[in-house]
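just coords:
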């Protein structure tokens, strides 16, 4: 997984999340409230839910565009579980939660490019 | 991993004109369910622009959705042949740190292959299937 995850509040703007994605070299921002995971916003979400909808990135809040019904992993889950969730839920990024607190993100890129040796 | 690039690529790539707007490119990605479009200038392939490019090169830089998409695209494209093994595509993605490659067949762009294509749920030859050593049923 990639750690630590980039976490932002639901009241932050899509524009701020885009800047964070650029500066931190990630495609995922976790939306948190009081240290707990509330949702997830990806670079694609900003394209589809902000740019394509002609919304203003400066005033669109992450809370309005994030995905909230999340599949998550714990640090002790094995890679097979990550792969199964990626398939079943058709997602590319899985937050990793330890004791209710987000500690990382596993992406499809982590699974396919970093660990498999053809 | 014997799957060929042609078996998993998305055929018939969508091309947009260099001067189409960033907003239009985003809507094309949404409507077609794709993460990248080819940018064409004067009928010549100029580059490729991804959903992430729109975010880190436009939204993060305060460029408006009415600006042309062309300048956001990555030129100097690495491509893969339709007849290449997927292993070749995976290696190129690693070496160049990209998630998508244009696919060339008979000298023309025939499709785009993405990292996500490697993980198609029903593709028993996918990289993730091999990695997970899982078997359907």
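Done, it's in. For clarity, every value in this text was computed on a predicted model and none was experimentally measured. Numbering: from 1, shown residues only, chains lettered A, B, ... in the order given.

Find the residue closest to residue A:101 in space, skipping its chain neighbours.
residue A:35 (5.8 Å; C-beta to C-beta, 6 or more residues apart in numbering or on different chains). Where C-beta positions appear, they are placed from N, C-alpha and C, glycine not excepted.

so that neighbour touches residue A:99, yeah?
No: applying C-beta atoms under 8 Å, one finds residue A:35 not in contact with residue A:99, separated by 10.3 Å.

Where does pLDDT dip in chain A?
A:112-118 (pLDDT under 70).

Centroid-nearest residue for it?
residue A:28 (3.6 Å; C-alpha atoms, centre = their mean).

so what's that one up against?
By C-beta atoms under 8 Å, 6 or more residues apart in numbering or on different chains, residue A:28 lies in contact with A:5-6, A:21, A:40-43, A:93, A:105, A:107.

Near chain B, list only the ones from these.
With C-beta under 8 Å from any C-beta of the partner chain as the criterion, the members of those in contact with chain B are A:21, A:43.

Which of the contacts of residue A:28 fall within helices?
A:21, A:43 (DSSP state H).

Under a three-state scheme, what state does the closest residue to residue A:48 other than its chain neighbours occupy?
With sequence-adjacent residues excluded and distances taken as C-beta to C-beta, 6+ apart, residue A:48 is closest to residue B:30, at 4.8 Å. What DSSP: H, G, I helix; E, B strand; the rest coil gives for residue B:30 is helix.

quick one, what contacts residue B:30?
By C-beta under 8 Å, 6+ apart, the neighbours of residue B:30 are A:47-48, A:52.

most surrounded residue in those?
Using other C-beta atoms under 10 Å in any protein chain shown as the neighbour test, these are led by residue A:47, with 27 neighbours.

And it, how far from residue A:83?
25 Å (C-beta to C-beta, to the nearest Å).

Next, name the residue at the spatial heart of chain B.
So for chain B, C-alpha atoms, centre = their mean, it's residue B:100, sitting 3.7 Å from the centre.

That one and residue B:111 touch, don't they?
No: assessed by C-beta under 8 Å, residue B:100 is found out of contact with residue B:111, at 10.5 Å.

where along the chain do the helices fall?
I'll assume chain A. Going by DSSP H, chain A shows helices at A:14-24, A:43-46, A:62-65, A:79-88, A:108-109.

Switch to chain B, please.
In chain B, the helices defined using DSSP H lie at B:5-8, B:22-32, B:51-54, B:86-96, B:127-132.

okay if I get the ones you listed as TSV plus mean pLDDT and distance to residue A:87?
Below are these laid out as TSV (pLDDT from 0 to 100; distance: least, C-beta to C-beta, whole Å):
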stretch	mean pLDDT	distance to residue A:87
helix B:5-8	90	15
helix B:22-32	95	22
helix B:51-54	95	21
helix B:86-96	90	17
helix B:127-132	47	8
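
So which of these has the densest surroundings on average?
Mean neighbour count (mean count of other C-beta atoms under 10 Å in any protein chain shown) peaks for helix B:51-54 among those, with a mean of 24.

So which residues of the chain form strands?
In the absence of a named chain, chain A is used. Counting by DSSP state E, chain A has strands at residues A:7-8, A:28-33, A:36-42, A:93-98, A:101-107.

that's the wrong chain, I wanted chain B
Going by DSSP E, chain B shows strands at B:10-11, B:15-17, B:36-41, B:44-50, B:80-81, B:100-105, B:108-114.
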